[in-house]
Every structure is written in structure tokens, then in C-alpha cells.
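K.L.:
quick one: sequence plus predicted model below, questions after.
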Amino acid sequence: MNDSTATLPWLVVRQDDNGNRYRVGRYATRAEAQKIADSLDGRGHKQLYWVERIGRNATPAD
């Protein structure tokens, strides 16, 4: 694990209507990532947005 993974372990991921997935951004906290995902999801497009944790101890908790 490198330094950026340790300090920015939360990803926002987008999936478009063709099933393609893209990393939108990396964030320090789950709350910060979720705020971005909710903001993007609220725009009314067909894409799906969700939050994932990266790293060895990837868990849904903060």
C-alpha cells in the first residue's frame, strides 16, 4: 500500500448505462466520498454512483 492509498482509501465509482465503470475520485473519508456520490447521483442521469474502500482492510465502516 502506498501513501496515497493510506490517506485516500475511499473511491467514488461510476457505472454508465453500458456497464462501463470509471473511478470518479478518491477521498479521505467515507462521508466525503458519499457526499460526492450523492451529489452526482442527484443530477438525474442514468449512471450509477457508489462508494468503495480500497486497501487490504476494505470494509464498509469508516
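P.N.:
Received, thanks. Numbers count the residues shown, from 1 in each chain.
K.L.:
surely Val51 is within a helix?
P.N.:
No. Counting by DSSP: H, G, I helix; E, B strand; the rest coil, Val51 is not part of a helix but strand.
K.L.:
excluding its backbone neighbours, what's nearest it?
P.N.:
Closest residue to Val51 apart from its sequence neighbours, by Cβ to Cβ, 6 or more residues apart in numbering: Ala33 at 4.5 Å. For glycine as for every other residue, the C-beta is placed from the backbone atoms N, C-alpha and C.
K.L.:
quick check, that neighbour in a helix?
P.N.:
Yes. The assignment for Ala33 by three-state DSSP puts it in a helix.
K.L.:
that one contacts Val13, doesn't it?
P.N.:
No. Counting by Cβ atoms under 8 Å, Ala33 does not reach Val13; the two are 9.6 Å apart.
K.L.:
who has more neighbours, the two?
P.N.:
Ala33 (25 against 16; other Cβ atoms under 10 Å).
K.L.:
many thanks, have a good one.
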